[in-house]
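Trainee: sequence and predicted structure below; questions after.
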Amino acid sequence: MPPRAAKPVVSRGWRGRRSADVDSARVPPGQYVTKDFPVLSAGPTPHTSLELWDFSIIGELAEPRRWTWEEFRALPSEEITRDIHCVNKWSKLDTVWQGVSVDTLLEGIETSAEYVTQFSDGGYTTNLPLEDIMGGKAWVVFAYGGEPLEPEHGGPARMLVPQHYFWKSAKWVRGLRLHSTDEPGFWETNGYHNYGDPWQEQRYQGD
Amino acid sequence: MAGTAVPGRLTWQLAELVEVVVETPHVKTIAFDVPSWPGHQPGQHVDVRLTAEDGYQAERSYSIASALDGTRVALTVQRLDDGEVSPYLTDELRPGEKIELRGPIGGYFVWEPSEGGPLMLVAGGSGIVPLMAMIRTRAAAGNHAETRLLYSSRSEDDVIYRDELERLSGDGLRVVHTLTDSQPPGWTGYARRVDAEMLAEVGPRPAERPRFYACGPTPFVEAVAEALVRLGHDSLAIKTERFGPTGR
Amino acid sequence: MDELMLDGNAIGGLLREVFAVEMTTAVGTCGDCGAPGPVGAVHVYRGAGIVLRCPHCGNMLAKIVKSDSRVWIDLTGIRALEVTI
């Protein structure tokens, strides 16, 4: 059994760039609040033109759906304010987005699927039970802080699923695939937790 | 020549700050004593870890600025105003206090005097740090390998190690500066970003089979590497170390 | 080219932690385009975890997730790895 690592040495007076005066009830275990918005990515920033962009719902459903950018932007949208939590331990409170509820996109859908995979430009995927993106829990957002979503933050559109760690809100999202079996995604197949509830600190497999 | 593998897992070591040197208005060299330091090669770096009272941690990598010198390890750190770690290292840490670091790390971005020249070092901003370790090592070894340094800075005030570079010039080392944002009165040197034309004027020709080391912000390194390849240099002879976005 | 992209040097410490030998000089062969190259020269992206990409073709070479006590590594994008021990 390897020796346990020594206790880290504390740096006098150092706090990093964290916000003070935070309501701890809003901060999941192990998280720290930041005012930054770190840019994290698994690859180069895609730059899909709006002329070529579309959003699709495919897989196990009676009729696939598809919207062009114009069609997508014509859908009813709303302003959403939520706290977001990254598995890398930073949380950002009261982030403000503009987007279309997934409930709007799935309205009237006929499916027996129980799982959904978000898929993105660049090949990223992330999975969830279908019920966890329904009932006011998820949006496809196209604006952040009152401005169009920048490419480095996932623009033109990304998912917002704030009840899970933020790797489960795919940047550069291009659609949802519905299926009857769970299909662990890009990070879920390599160590991160399959469900990712920040309030139960489900960061890694086995947590 | 591959770097020799340093065996065993890296462990965090305690490093005691022994000296602080102001290099420029935003840059300081902080020198540590690391009791069990195994030695290092020029170009290698260390990871530094800070831990707050409540357990919060941050890690950053810093290139080693000094040539091998027993247990002494010097880092040259650019203070980023909104940085999480750098302001603490440059402004808060006091001589006698300790931080955790691990290293030396890296075998790819390394130059040893035995590799010889012609050598061309291309530095963007704080990218000069690992290249300075190479220059200092070369000087300490009394090595005369033909070496050129092309060093891009915003202004004269931002040039790190300016006096030392001037002192070390000659004896096979040629230092060329370019100042991209502002130049002092009477400046006759380059006053623009590094480009293919500048690299062709300053650097050795492909026929001389030179080795290149380019270090600095990612866009800078990308532009330099691309330009060198377009000028006909062997891409395998170009080693790069990217520091991420400019001034982050 | 992304401003935020780093290279294999930036994860030298992490790789030493996992493999117990210097890895930036290890030579990996891309499983997609077949190009060999030192790990120090691969493109590194930081997402929830770390992703290594081939500098020639962009193919994902590896992904790495690290907790305090475990590391998960997907190396399926690398056809072969040559390490000096």
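Mentor: Cool, the structure landed.

Trainee: when you work out contacts or count neighbours from here on, use the C-alpha atoms and nothing else.
Mentor: Noted.

Trainee: which residue ranges form the helices in the chain?
Mentor: Unless you meant another one, I'm taking chain A. A:69-73, A:102-106 (DSSP state H).

Trainee: switch to chain C, that's the one I care about
Mentor: C:12-19.

Trainee: what do you get for chain B?
Mentor: Secondary structure of chain B by DSSP H: the helices cover B:86-87, B:128-140, B:162-168, B:196-202, B:218-230.

Trainee: and those: which comes nearest chain C?
Mentor: Of all the helices of chain B, it is helix B:218-230 that lies closest to chain C, at 5.6 Å by C-alpha to the nearest C-alpha.

Trainee: and that closest one, which residues are buried?
Mentor: B:218-222, B:224-229 (16 or more other C-alpha atoms under 10 Å in any protein chain shown).

Trainee: in CSV: the residues you listed, plus distance to chain C.
Mentor: Below are these laid out as CSV (distance: C-alpha to the nearest C-alpha, whole Å):
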residue, distance to chain C
B:T218, 6
B:P219, 6
B:F220, 9
B:V221, 10
B:E222, 8
B:V224, 13
B:A225, 12
B:E226, 12
B:A227, 15
B:L228, 16
B:V229, 14
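
Trainee: which one in chain B is furthest away from the centre?
Mentor: Relative to the centre of chain B, the most outlying C-alpha is that of B:D54, 33.2 Å out, by C-alpha atoms, centre = their mean.

Trainee: give me the local confidence score for that one.
Mentor: pLDDT for B:D54: 87.

Trainee: so which residues on chain A come close to chain B?
Mentor: A:8-17, A:32 (C-alpha under 8 Å from any C-alpha of the partner chain).

Trainee: mind doing that once more with 6 Å?
Mentor: Residues of chain A lying close to chain B (C-alpha under 6 Å from any C-alpha of the partner chain) are A:10-11, A:14-17.

Trainee: show the buried residues in those.
Mentor: A:10-11, A:14-16.

Trainee: what's the burial count for residue 172?
Mentor: You didn't pick a chain, so chain A it is. 27 (other C-alpha atoms under 10 Å in any protein chain shown).

Trainee: nope, chain B please
Mentor: 14.

Trainee: isn't it right next to B:E146, touching?
Mentor: Yes: between B:G172 and B:E146 there is a contact at 4.7 Å, judged by C-alpha atoms under 6 Å.

Trainee: where's the residue nearest to A:R17 when sequence neighbours are not counted relative to B:L50, distance?
Mentor: Nearest residue to A:R17 in three dimensions, chain neighbours excluded: B:E84, at 5.3 Å (C-alpha to C-alpha, 6 or more residues apart in numbering or on different chains). To B:L50, B:E84 is 10 Å away according to C-alpha to C-alpha, to the nearest Å.

Trainee: between the two, point out the one with more neighbours.
Mentor: B:L50 (25 against 19).

Trainee: ok, the more buried one - contacts?
Mentor: A:11, B:57-58 (C-alpha atoms under 6 Å, 6 or more residues apart in numbering or on different chains).

Trainee: could you report the neighbour count for the closest residue to chain A within chain C?
Mentor: Nearest residue of chain C to chain A: C:G47, at 4.1 Å (C-alpha to the nearest C-alpha). Residues lying near C:G47 (other C-alpha under 10 Å) number 19.

Trainee: do you know how far it is from A:A74?
Mentor: Distance, C:G47 to A:A74, by C-alpha to C-alpha: 32 Å.

Trainee: check what pLDDT B:G8 gets.
Mentor: For B:G8, pLDDT reads 55.

Trainee: tell me the domain ranges of chain B?
Mentor: Structural domains assigned to chain B are B:13-105, B:113-242, following automatic domain parsing.

Trainee: for those domains, which one sits closest to A:H85?
Mentor: domain B:13-105 (15.6 Å; C-alpha to C-alpha).

Trainee: how far off centre is the closest one?
Mentor: Chain-centre distance of domain B:13-105: 14 Å, with C-alpha atoms, centre = their mean, to the nearest Å.

Trainee: now the end-to-end length of that domain.
Mentor: 13 Å.

Trainee: again, but for stretch A:118-127
Mentor: End to end - C-alpha to C-alpha - stretch A:118-127 spans 6 Å.

Trainee: ok, it near chain C or not?
Mentor: No: Stretch A:118-127 lies out of reach of chain C by C-alpha under 6 Å from any C-alpha, never closer than 10.2 Å.

Trainee: tell me the mean pLDDT over that stretch?
Mentor: 97.

Trainee: before we move on, what about stretch A:99-107?
Mentor: 98.

Trainee: quick one: it to chain centroid distance?
Mentor: Computed by C-alpha atoms, centre = their mean, the chain-centroid distance of stretch A:99-107 equals 15 Å.

Trainee: show me the contact partners of that stretch.
Mentor: With contacts defined as C-alpha under 6 Å, 6+ apart, stretch A:99-107 is touched by A:77-78, A:134, A:138-142.

Trainee: if we use 7 Å, what do you get?
Mentor: If you take C-alpha atoms under 7 Å, 6 or more residues apart in numbering or on different chains as the criterion, stretch A:99-107 is touched by A:75-79, A:133-136, A:138-143.

Trainee: now swap in stretch B:18-25 and tell me
Mentor: Counting by C-alpha under 7 Å, 6+ apart, residues outside stretch B:18-25 touching it are B:28-33, B:95-96, B:157-158, B:160-161.

Trainee: got it, and stretch B:77-91?
Mentor: With C-alpha under 7 Å, 6+ apart, stretch B:77-91 has contacts from A:14, A:16-17, B:26-29, B:126, B:248.

Trainee: that older thread, make CSV out of the contacts of stretch B:18-25 and add pLDDT and neighbour count.
Mentor: Formatted as CSV, the contacts of stretch B:18-25 follow (pLDDT from 0 to 100; neighbours: other C-alpha atoms under 10 Å in any protein chain shown):
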residue, pLDDT, neighbour count
B:K28, 98, 21
B:T29, 98, 23
B:I30, 98, 22
B:A31, 98, 22
B:F32, 98, 23
B:D33, 98, 19
B:P95, 97, 14
B:G96, 97, 12
B:D157, 97, 16
B:D158, 97, 18
B:I160, 98, 26
B:Y161, 98, 16
